[in-house]
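Chemist: Here you go, sequence then predicted model.
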Amino acid sequence: MSLTHLTSPRNTTNAAPTPERPAPTPRIRAVPEGTETRGFVLYVGIDEAKAAADGTSLNRIVEALKALAAGIAPSSETYAAVALAPQGAGGRDVDVVRLALQDPAALARHRSVDDADRALSGVVVDLSRKRVVLDNQVAPLTYKEFELLQYLVLREGRTIERAELISSLWNADEDDAPNERTIDVHVRRLRSKLGRYEDIVRTVRGVGYRFDRHADVSIRQASTPSPDLF
């Protein structure tokens with residue numbers, strides 16, 4: 001007895017499987033044609049006080065990141081640079097770091113902000129750079145005068161009593177700490193340097209002072225400080 005192998009007509013043709021195309025190698029979009037990547041920069045924005053509050057230090061963070069890179073890619077090389085800025089420079093830590101270390105994108109953004117400042121007339125109160133620009137000229141405010149103006153600006157529309165200004169902006173043991181009568185002298189000096197815009201700092205008789213924003217007053221809180229701070 002012989003057995004005949006029957007094959008279904010639908011299976012008479014066995015086509016070879018189409019080979020899969022290899023997936024294209026991903027390319028970093030920021031790298032132009034004709035160049036090659038040689039590494040990367042990771043900006044970390046944190047100061048010593050914030051690191052300590054997190055239970056660590058800048059040195060420990062650096063060492064941990066270097067160890068991580070060595071563990072993932074033993075052939076990698078690392079270099080760490082610390083960005084320094086004066087106390088109270090303002091702005092987000094990571095943006096201060098980028099500008100201090102001459103990041104091209106941060107520098108370009110800073111130049112565009114400066115160009116915008118030059119195009120403005122009126123008053124620009126720049127909180128991050130701690131300066132006031134009056135008709136394209138930087139007003140010669142002292143540190144304490146700017147702090148006084150900034151305190152009022154951040155509480156726009158609210159009348160601030162003299163006692164609050166003194167307790168918030170001066171330590172009791174400071175030699176030049178004013179009292180409620182002499183605080184008016186500091187405000188007068190500030191207003192005199194604001195020139196024709198002096199009325200943005202209003203005197204509320206018998207109470208204190210208030211910041212009033214006019215149509216020609218802009219408040220800038222850009223995160224990138226001026227490079228002359230470094």
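Modeler: Cool, the structure landed.
Chemist: contacts and neighbour counts: CA atoms only from here.
Modeler: Will do.
Chemist: Residue 149: neighbour count?
Modeler: 21 (other Cα atoms under 10 Å).
Chemist: Which of the helices or strands spans it?
Modeler: Applying DSSP states H and E as the criterion places residue 149 in helix 143-153.
Chemist: So which elements touch that helix?
Modeler: helix 162-169, helix 183-193, strand 208-211 (3 or more Cα pairs under 8 Å, 6 or more residues apart in numbering; DSSP states H and E).
Chemist: In the protein, mark out all the helices, start to finish.
Modeler: Assigned helices in the chain, in chain order: 48-53, 58-72, 93-100, 104-118, 143-153, 162-169, 183-193 (criterion: DSSP state H).
Chemist: any idea which of the ones you listed scores lowest on pLDDT?
Modeler: Sorting the helices of the chain by mean pLDDT places helix 104-118 lowest, at a mean of 60.
Chemist: picking that back up, packed most tightly, which of the helices and strands packed on helix 143-153 would that be?
Modeler: For these, average neighbour numbers computed from mean count of other Cα atoms under 10 Å are highest in strand 208-211, which has a mean of 21.
Chemist: Quick one: mean pLDDT over that strand.
Modeler: Strand 208-211 comes out at a mean pLDDT of 91.
Chemist: Show me how far that strand is from its chain's centre.
Modeler: 29 Å (Cα atoms, centre = their mean, to the nearest Å).
Chemist: Then stretch 68-85?
Modeler: 23 Å.
Chemist: got the angle for the helix holding residue 149 vs helix 162-169?
Modeler: 120 degrees (axes from the mean of the first three to the mean of the last three Cα atoms, to 10 degrees).
Chemist: before we move on, back to that, may I see the helices of the chain organised as a markdown table, with distance to residue 216 added?
Modeler: Below are these laid out as a markdown table (distance: least, Cα to Cα, whole Å):
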| stretch | distance to residue 216 |
| --- | --- |
| helix 48-53 | 37 |
| helix 58-72 | 43 |
| helix 93-100 | 28 |
| helix 104-118 | 13 |
| helix 143-153 | 15 |
| helix 162-169 | 26 |
| helix 183-193 | 16 |
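Chemist: Out of those, flag the one nearest residue 125.
Modeler: Closest of these to residue 125 is helix 143-153, at 8.2 Å (criterion: Cα to Cα).
Chemist: Also compute the angle for the closest one relative to helix 183-193, please.
Modeler: 90 degrees.
Chemist: closest one to residue 133 among the helices and strands packed on helix 143-153?
Modeler: Shortest distance between residue 133 and these, using Cα to Cα, is found for helix 183-193: 10.9 Å.
Chemist: packing partners for the closest one?
Modeler: If you count contacts as 3+ Cα pairs under 8 Å, 6+ apart, helix 183-193 packs onto helix 143-153.
Chemist: quick revisit: for the helix holding residue 149, which outside residues touch it?
Modeler: Residues outside helix 143-153 that contact it (Cα atoms under 8 Å, 6 or more residues apart in numbering) are 127, 130-132, 160, 165, 169, 186-187, 189-190, 201, 209-211.
Chemist: Burial-wise, tell me which of the helices of the chain comes out on top.
Modeler: It is helix 93-100: most buried of the helices of the chain by mean count of other Cα under 10 Å, with a mean of 21.
Chemist: elements contacting that one?
Modeler: Going by 3+ Cα pairs under 8 Å, 6+ apart, helix 93-100 lies up against helix 104-118.
Chemist: what's the nearest residue to residue 165 if we skip its chain neighbours?
Modeler: residue 148 (7.5 Å; Cα to Cα, 6 or more residues apart in numbering).
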